[in-house]
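*Asks:* Need a 3D model of the sequence below.
(chains A, B, C and D)
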Protein chains: 2
Amino acid sequence: MISDNSVIKDIFKDLDFNDSEIKIIESVFKKLSIEKGTKLLNAGDLADRQYYILKGCLRAYHVDTHGKEHTVQFGIKDWWISDYTAFFSNEKAIMNIEAIQNSIIYSISKEGKDELYTKIPKIDKFFRIKLEKAFATFQKRILANLAQSAKERYIDFITTYPNIEKSVKNYHIASYLGITTESLSRIRKDLSK
Amino acid sequence: MISDNSVIKDIFKDLDFNDSEIKIIESVFKKLSIEKGTKLLNAGDLADRQYYILKGCLRAYHVDTHGKEHTVQFGIKDWWISDYTAFFSNEKAIMNIEAIQNSIIYSISKEGKDELYTKIPKIDKFFRIKLEKAFATFQKRILANLAQSAKERYIDFITTYPNIEKSVKNYHIASYLGITTESLSRIRKDLSK
DNA sequence: GGAATTTATTACCATACATCAATTTTATAA
DNA sequence: TTATAAAATTGATGTATGGTAATAAATTCC
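*Replies:* Numbers count the residues shown, from 1 in each chain, chains lettered A, B, ... in the order given. Next up, the predicted model:
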């Protein structure tokens, strides 16, 4: 009963489902192949979708009133990405999401997810645990922003995400670390000594 | 069947439970009255408990290698507090949790929570939604730290938490905003003009 | 209420990072 | 491969916030 579009194997690795459950799951996920530069969400739109990244790299960023970009999240293999604030509360997005590499993703709507929660109770636990991990990651990031210098945060970044570092622009990293690209450049120079 | 210790009414306002469920819930929550200054968690300890705040104010903070405190979260009425990173992954805490006012809280252990999840499925959804809201709050905070000046963050803080502002020390607020108490003092002076 | 302690403010100077502008390097595309 | 655009680096200077130290104000406690 597993179709060639094996969302089950990709996303729900450790869980077992019966045929009808598989049918439901496959009906709510859309597999997409997107090109580098593709925007999946624009600020102001309704953020009614969440994305699972099978391959490639995406980023979620906010553009402030001065036109400056701030990267809130990078999404790589096996991560989920969305404007969560907007997604969870059915509000307009304040973030933009774009592919910074050619990527393969699974897309699910808020309704689709609600359908999963209702019809397949064990999915609830699956997403709760994902959310707990993401929450812990965010808590660590808040702490890093409070306690560490830009250089320390950059070192942490390249150790934690050695793969991301190769595929994203420096100005993406800078906007994630909360510094300018010039400052990042100076940090890199300093570290290369 | 509702005991005088009405945790159900306090925490699970909108949910209905049968007698046996109420029994389970009341068995896993401990209601505590704690004095200002009480530490509920010390860095290095196992963070195996999560707390619901019925009354009062708590804070979760990290002490970095230079001895500086960084407040990651304030907990007020109807909020939950814990070292989530440690709690979710069964690791040693890197945070401390203390009451900064006399408070009344409900305490639940990780095992207790797991018991709830297993025996009362609808609890799963309840906590998932709480977590989604907390997650959104954290996302907003990350963005604020990236995009806003200290003064802007302080203004946001006192507008968002007018009640907290009265009950916490300025150095608690400063350590939450990621600035020194001297800088906060200057910001306050500037705003009072 | 007054002494002791904690917390907040202020002044002066230091520093991390930002801004602006120019230049070099790297990537893209004809 | 060369032309063009995009990205990264560098230098000079500005600014927000930090550090230190002294003082003032507010709490706490006897």
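*Asks:* Quick check: the residue of chain A nearest DNA strand C.
*Replies:* Per CB to the nearest atom of the strand, residue A:183 is where chain A lies closest to DNA strand C, at 3.0 Å. Backbone N, C-alpha and C define where each C-beta goes, glycine included.
*Asks:* helix/strand/coil for that residue?
*Replies:* Following DSSP: H, G, I helix; E, B strand; the rest coil, residue A:183 is assigned to helix.
*Asks:* correct me, but it touches residue A:150?
*Replies:* Yes. In this structure residue A:183 lies within contact range of residue A:150 using CB atoms under 8 Å: 6.2 Å.
*Asks:* Helices along chain A, start to end?
*Replies:* For chain A, the helices defined by DSSP state H occupy A:7-11, A:19-28, A:84-89, A:110-119, A:121-147, A:150-160, A:162-167, A:170-177, A:181-192.
*Asks:* Compare these and report which one is nearest to residue B:115.
*Replies:* When the helices of chain A are compared by CB to CB, helix A:121-147 sits nearest residue B:115, at 13.8 Å.
*Asks:* Just checking that closest one against DNA strand C, any contact.
*Replies:* No. Judged by CB under 7 Å from any atom of the strand, helix A:121-147 and DNA strand C are separated, with a smallest distance of 10.3 Å.
*Asks:* quick one: average confidence on that helix?
*Replies:* Mean per-residue pLDDT for helix A:121-147: 93.
*Asks:* what's the least confident helix or strand in chain A, going by average pLDDT?
*Replies:* Ranked by mean pLDDT, DSSP states H and E, the weakest helix or strand in chain A is helix A:162-167, scoring a mean of 77.
*Asks:* name the helices or strands packed onto that one?
*Replies:* Helix A:162-167 sits against no helix or strand, with contacts defined as 3 or more CB pairs under 8 Å, 6 or more residues apart in numbering or on different chains; DSSP states H and E.
*Asks:* just how off-centre is it within its chain?
*Replies:* Counting by CA atoms, centre = their mean, to the nearest Å, helix A:162-167 is centred 15 Å from the centre of its parent chain.
*Asks:* near DNA strand D at all, that helix?
*Replies:* No. Counting by CB under 7 Å from any atom of the strand, DNA strand D is not contacted by helix A:162-167; separation bottoms out at 10.3 Å.
*Asks:* what does that helix contact?
*Replies:* Helix A:162-167 is contacted from outside by A:57, A:74, A:76, A:100, A:101, A:157, A:158, A:173, using CB atoms under 8 Å, 6 or more residues apart in numbering or on different chains.
*Asks:* can you tell me which of those residues lies nearest to residue B:92?
*Replies:* residue A:157 (23.9 Å).
*Asks:* Dump the contacts of helix A:162-167 to CSV, plus neighbour count and distance to residue A:10.
*Replies:* Output for the contacts of helix A:162-167, formatted as CSV (neighbours: other CB atoms under 10 Å in any protein chain shown; distance: CB to CB, whole Å):
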residue, neighbour count, distance to residue A:10
A:57, 24, 17
A:74, 22, 19
A:76, 19, 14
A:100, 20, 21
A:101, 19, 18
A:157, 17, 27
A:158, 14, 27
A:173, 22, 28
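*Asks:* which residues touch the residue nearest the centre of chain A?
*Replies:* In chain A, the residue lying closest to the centroid (CA atoms, centre = their mean) is residue A:81, at 2.7 Å. By CB under 8 Å, 6+ apart, the contact set of residue A:81 is A:50, A:51, A:53, A:58, A:60, A:73, A:75, A:97.
*Asks:* distance of it from residue A:60?
*Replies:* Relative to residue A:60, residue A:81 is positioned 6 Å away (CB to CB, to the nearest Å).
*Asks:* got it, and residue A:25?
*Replies:* 24 Å.
*Asks:* ok, now residue A:160?
*Replies:* In this view, residue A:160 and residue A:60 are 17 Å apart by CB to CB.
*Asks:* Ok, residue A:10 next?
*Replies:* Taken as CB to CB, the span from residue A:10 to residue A:60 is 21 Å.
*Asks:* Of the two, which one has the most company?
*Replies:* residue A:60 (24 against 16; other CB atoms under 10 Å in any protein chain shown).
*Asks:* Can you report how many residues neighbour residue A:73?
*Replies:* Neighbour number of residue A:73 under other CB under 10 Å is 23.
*Asks:* is it in a bridge, and if so with what?
*Replies:* With DSSP bridges as the criterion, residue A:73 is bridged to residue A:60.
*Asks:* residues touching it, list them.
*Replies:* Residue A:73 makes contact with A:59, A:60, A:81 under the criterion CB under 8 Å, 6+ apart.
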